[in-house]
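Engineer: okay, sequence plus prediction incoming.
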Amino acid sequence: MARWGHDVATLAETAVATQTSEPRSLSLKWLWNALAHGYIWIWLAIFALPFAATLMYSLRTPDGVWTLSAYEYVMGSFKDNLLLSFETTIVTIIINLLISIPAAFAIVRFPIPGKSFVLSALNLSLYTPAAVMGISLVIAFSFLYRIPQTMTSLIAAYVVGTFPLMLVPIIVALRDLPRVFEEAARTLGATRMQTFWRIELPLLGPGISAGILLTFVIVFNEFLVTLFIAGPGTTTAALRVYTLTRTSGIQPSTAALATTMQGVSFLVVLFFFHFFGSRYLKGTYLI
């Protein structure tokens with residue numbers, strides 16, 4: 001009986017200690033969660049502050065009156081610049097896809113001599129400063145290819161500059177794709193093209209969608225290379241904002257143009273993560 005009483009007392013002491021330690025551990029966990037959330041939100045506020053300041057500046061006149069009059073300018077002639085930016089971006093994405101998918105299969109699936117050198121050369125535009133890239137393209141288009149300063153030269157410049165951003169994610173996705181899916185489809189009677197369209201291409205969705213997003217963000221907001229290549233009738237939205245800033249200073253109308261571009265880019269990123277991220281990035285470190 002004495003032994004049994006000692007065991008009961010020990011269990012009671014353990015239970016009391018557990019009950020007192022649980023609130024302490026819960027409070028520490030709550031504290032760390034609060035610190036983590038606070039840390040994230042503080043840096044988010046710091047990074048978002050310039051964009052919020054641009055929005056606030058676009059809503060005020062020089063006299064300090066709050067108004068939307070600056071956005072009337074956006075709905076006017078700036079629509080043509082936005083449309084041109086969308087057109088060049090979409091065409092660039094399509095051309096990059098048509099080039100990058102076969103190139104990725106060639107690099108990953110076939111024994112190409114000097115593969116590392118070829119891949120490094122294809123990524124050369126990523127290591128080149130934008131000003132150097134612009135000068136090189138002007139020289140090549142003017143004296144070598146004889147391409148006039150039109151929308152064609154603008155798209156060609158964008159393709160040269162952003163092609164690696166489409167190629168590299170597709171190469172990574174293709175390297176992670178097991179050959180067993182292709183072999184199983186061929187064993188079941190699928191042709192090479194049926195295997196590509198119905199099996200391999202859908203499984204490359206993460207790489208393709210990432211390349212599309214990177215290409216859109218870079219091309220839609222590019223202005224330095226555009227500054228060298230664009231002709232009189234090919235002023236994109238980013239180049240229009242830069243030109244107005246250099247000639248007229250930072251006016252509310254210019255801030256309204258910049259805010260519009262920021263909003264478009266933000267909405268595209270939200271669209272990507274909502275429709276593509278939930279399908280291709282679920283379970284990864286991004287979602």
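Structural biologist: Structure received.
Engineer: please, which helix or strand holds the residue most central in space within the chain?
Structural biologist: Residue closest to the average C-alpha location in the chain (Cα atoms, centre = their mean): residue 214, at 3.8 Å. Element membership of residue 214, judged by DSSP states H and E, is helix 205-220.
Engineer: check residue 261 too.
Structural biologist: Remark: residue 261 resides in helix 252-271, with elements defined by DSSP H and E.
Engineer: check which residues of that helix are buried.
Structural biologist: Applying a neighbour-count criterion of 16 or more other Cβ atoms under 10 Å, one finds 252-261, 264, 268 buried in helix 252-271. All C-beta spots, glycine's among them, are computed from the backbone N, C-alpha and C.
Engineer: dump those to CSV, plus pLDDT.
Structural biologist: Output for the buried residues of helix 252-271, formatted as CSV (pLDDT from 0 to 100):
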residue, pLDDT
252, 87
253, 86
254, 87
255, 90
256, 90
257, 89
258, 90
259, 91
260, 90
261, 90
264, 88
268, 86
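Engineer: closest to residue 135 out of these?
Structural biologist: residue 261 (25.4 Å; Cβ to Cβ).
Engineer: ok, and the closest non-adjacent residue to that closest one?
Structural biologist: residue 237 (5.6 Å; Cβ to Cβ, 6 or more residues apart in numbering).
Engineer: surely the one you found touches residue 80?
Structural biologist: No: in this structure, residue 237 is not within contact of residue 80 by Cβ atoms under 8 Å, at 9.3 Å.
Engineer: from residue 250, how far out is the residue nearest to residue 261?
Structural biologist: Residue 237 sits 17 Å away from residue 250, taking Cβ to Cβ, to the nearest Å as the criterion.
Engineer: just the CA trace of stretch 258-268, in CSV.
Structural biologist: What follows is stretch 258-268 as a C-alpha-only set of coordinates in CSV (Å, rounded to 0.1, in the frame of the first residue of the first chain):
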residue,chain,number,x,y,z
ALA,A,258,3.6,54.5,-62.8
THR,A,259,0.9,53.4,-60.4
THR,A,260,-1.1,52.0,-63.3
MET,A,261,1.9,49.9,-64.4
GLN,A,262,2.5,48.7,-60.8
GLY,A,263,-1.1,47.7,-60.5
VAL,A,264,-1.0,45.8,-63.8
SER,A,265,2.1,43.9,-62.8
PHE,A,266,0.7,43.1,-59.3
LEU,A,267,-2.6,41.8,-60.8
VAL,A,268,-0.7,39.6,-63.2
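Engineer: between the buried residues of helix 252-271, which is nearest residue 228?
Structural biologist: Of those, the one sitting nearest to residue 228 (Cβ to Cβ) turns out to be residue 261, at 20.1 Å.
Engineer: how much space between that closest one and residue 183?
Structural biologist: Distance of residue 261 to residue 183, computed by Cβ to Cβ: 47 Å.
Engineer: same thing with residue 225?
Structural biologist: Counting by Cβ to Cβ - residue 225 and residue 183 are separated by 43 Å.
Engineer: ok, the two, which is more surrounded?
Structural biologist: Applying other Cβ atoms under 10 Å to residue 225 and residue 183 shows that residue 225 carries more neighbours, namely 26 against 11.
Engineer: in what helix or strand does the more buried one lie?
Structural biologist: helix 224-229.
Engineer: list the buried residues of that helix.
Structural biologist: 224-229.
Engineer: where does this protein dip in pLDDT?
Structural biologist: Across the chain, residues meeting the criterion (pLDDT under 70) sit at 1-26, 277-287.
Engineer: show me what counts as buried in stretch 52-63.
Structural biologist: So, applying 16+ other Cβ under 10 Å, buried residues of stretch 52-63: 54, 57-59.
Engineer: likewise for stretch 91-105?
Structural biologist: For stretch 91-105, the buried set under the neighbour-count rule, 16+ other Cβ under 10 Å, comprises 91-93, 95-97, 100-101, 103-105.
Engineer: tell me the phi and psi of residue 249?
Structural biologist: Backbone dihedrals for residue 249, given as degrees, to the nearest 10, come out at phi 80, psi -170.
Engineer: tell me how far it lies from residue 181.
Structural biologist: Counting by Cβ to Cβ, the separation of residue 249 from residue 181 is 58 Å.
Engineer: residue 269 too?
Structural biologist: When distance is defined by Cβ to Cβ, residue 269 is 30 Å away from residue 181.
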